[in-house]
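Trainee: Give the three-dimensional model of this entry:
(one chain, ligands or ions: 1)
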Amino acid sequence: MSAVLAERIVAPSRIASCHAVVLLGTGVVGGAFLKLLDTPAAASLRLVGAANSRRQQVNPAHLADRGLRERLKSEGDVRDDARLLAALETCGTTSRVIIDATASVGLATRHPEWLARGCHVVTASKALAGGDLADWRALQGALARGGRYGDSATVGAGLPVLATLRRLRACGDRLLALEGVFSGSLSWLFNRYDGTRPFSALLREARACGYTEPDPRADLSGEDVARKLLILARNAGFALDRDAVEVTSLVPEALRALDAGAFLDRLEILDAPLAARHAEAAARGHVLRHLARLDRHGRARVGLVEVPAGHPAARLRGTDNLFALTTTRYRAQPLVIQGPGAGPEVTAQALLGDVLALG
Ligand SMILES: NC(=O)c1ccc[n+]([C@@H]2O[C@H](COP(=O)([O-])OP(=O)(O)OC[C@H]3O[C@@H](n4cnc5c(N)ncnc54)[C@H](OP(=O)(O)O)[C@@H]3O)[C@@H](O)[C@H]2O)c1
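Mentor: Have a look, this model is predicted:
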């Protein structure tokens, strides 16, 4: 057991200043967060529970085990949210935090309830704030009664986009337009796609590198980007429902109902239409980029568009995200936030940052 971890468990004098943490999800992001817990930056955090979809652990000795993530795959108690909450509520700290590092809609809809019980919620999941408008409103209602909601990891994997947007709004600034590339995988794909290799080959490479979801339709559909756009729009004061976002999917109708294996076998169907769009764009000196856009009237659109070579999105590299905010005070030139918008380490760091920001 590391010194940091041992101290976190056995030093009762420090308990009152600790953040007691339950971690839901020990996948890519949750696993990176567990690694961060073992660093000095996380010394004020005390893990009192951890769970994947099937098992959980509340025993301090097992929680301190560096092999916790692996062990949870085959060992531990059966999943029981009530037991995790009890572990949090009886641990003696004033700051109790539930970290949602899953994509579970069922868990996300419980965020308002956890806030009402006096816990803070820190989340990488977009399922609540980027889901139904009614759920967003339930969240705002719960937050008005207390608790804090750490959502930095939901957009841009921790790039300071939401914090900046809220800060501008608190100062009386108003969002007039938002435009950007909100998906690391789609950024990578279209930064690379120059017509020399079939799009399907690039997609297979992106999947092999872990840039896309195991079923790349989750990225190509634009739904994940739409959720991020909804989160940003709602934080900017636009009470948009999902139906208000026009999403143009890159997945042809014929490939939508297939199982994941059959879809991956037929990726070449994507090639000809995208090659034609690329050639048309190139003839005008333009490139293709997957953009999310919101205007001052709340019109929200997500999809593949042509942009001129001088457009900021045309100059992106790798899996970079881009967020260009035009506001009443950033009117002549937008405020631009750019950087890696995906990845376990930066996302886990965003979760830790949100916990530490609780004070
Ligand atoms: N990966 C990124 O770069 C990134 C960046 C920003 C945000 N995010 C968001 O972060 C979240 C997690 O992403 P990920 O890449 O870590 O996904 P992942 O690797 O698929 O991990 C998801 C984890 O959630 C667990 N889980 C599912 N339902 C659960 C439940 N009811 N209770 C407890 N645990 C449950 C899964 O358990 P099993 O292991 O048993 O399946 C798994 O451990 C998602 O919402 C994603 O959109 C990811």
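
Trainee: Please, which helix or strand holds T26?
Mentor: Using DSSP states H and E, T26 sits in no helix or strand.

Trainee: how near is it to A64?
Mentor: With distances taken as Cβ to Cβ, to the nearest Å, T26 is found 15 Å from A64. Heads up, the C-betas are built off the backbone N, CA and C, glycines and all.

Trainee: cool, and A257?
Mentor: 46 Å.

Trainee: more crowded one of these two?
Mentor: Taking neighbours as other Cβ atoms under 10 Å, A257 and A64 compare with A64 leading, 18 against 8.

Trainee: where does the more buried one land on pLDDT?
Mentor: Note for A64: predicted pLDDT of 95.

Trainee: With A342 instead?
Mentor: So, for A342, pLDDT stands at 88.

Trainee: before we move on, what about I98?
Mentor: The predicted local confidence for I98 is 98.

Trainee: Other residues contacting the host helix or strand of it?
Mentor: Assessed by DSSP H and E, I98 sits inside strand 95-100. Residues from elsewhere that reach strand 95-100 (Cβ atoms under 8 Å, 6 or more residues apart in numbering): 18-25, 30, 33, 88-89, 107-108, 111, 114, 118-125, 351, 355, 358-359.

Trainee: Only the buried members of those: can you turn that into a ChimeraX selection?
Mentor: Entered in ChimeraX, the line below selects the buried ones among the contacts of strand 95-100, by 16 or more other Cβ atoms under 10 Å:
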select :18,19,20,21,22,23,24,25,30,33,88,107,108,111,114,119,120,121,122,123,124,125,351,355
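
Trainee: Contacting the ligand as well, which ones from the contacts of strand 95-100?
Mentor: 24-25, 30, 107, 124-125 (Cβ under 6 Å from any ligand atom).

Trainee: Just the contacts of strand 95-100: which are in helices?
Mentor: Mapping the contacts of strand 95-100 onto helices (DSSP state H) picks out 30, 33, 88-89, 107-108, 111, 114, 351, 355.

Trainee: Could you chop this protein up by domain?
Mentor: Following automatic domain parsing, one gets these domains for the chain: 3-156+345-356, 162-340.

Trainee: Could you tell me the least trusted of the ones you listed?
Mentor: Looking at these, the bottom one is domain 3-156+345-356 with a mean of 92.

Trainee: Near the ligand, which residues of the stretch 151-300 of the chain are found?
Mentor: Near the ligand, when you scan the stretch 151-300 of the chain using Cβ under 6 Å from any ligand atom, you find 153, 157.

Trainee: how about the helices in the stretch 151-300 of the chain?
Mentor: Assignment of helices within the stretch 151-300 of the chain using DSSP state H, counting those that start in this stretch yields the ranges 161-170, 184-192, 199-208, 217-220, 223-235, 253-256, 260-265, 271-283.

Trainee: Touching the fifth one from outside, list them.
Mentor: Right, the one you point to is helix 223-235. Under Cβ under 8 Å, 6+ apart, the answer for helix 223-235 is 126-127, 129-131, 136, 151, 154-156, 161-162, 165-166, 169, 178, 182-183, 186, 218, 240, 242, 245, 247, 290, 292, 294, 298, 300, 302, 323.

Trainee: my guess is H62 meets R71, correct?
Mentor: Yes. Using Cβ atoms under 8 Å, H62 is in contact with R71, at 7.1 Å.

Trainee: For the residue of the chain found nearest the ligand, give its distance to G146.
Mentor: Nearest to the ligand in the chain, going by Cβ to the nearest ligand atom, is G27, at a distance of 1.9 Å. For G27, the distance to G146 equals 30 Å [Cβ to Cβ].
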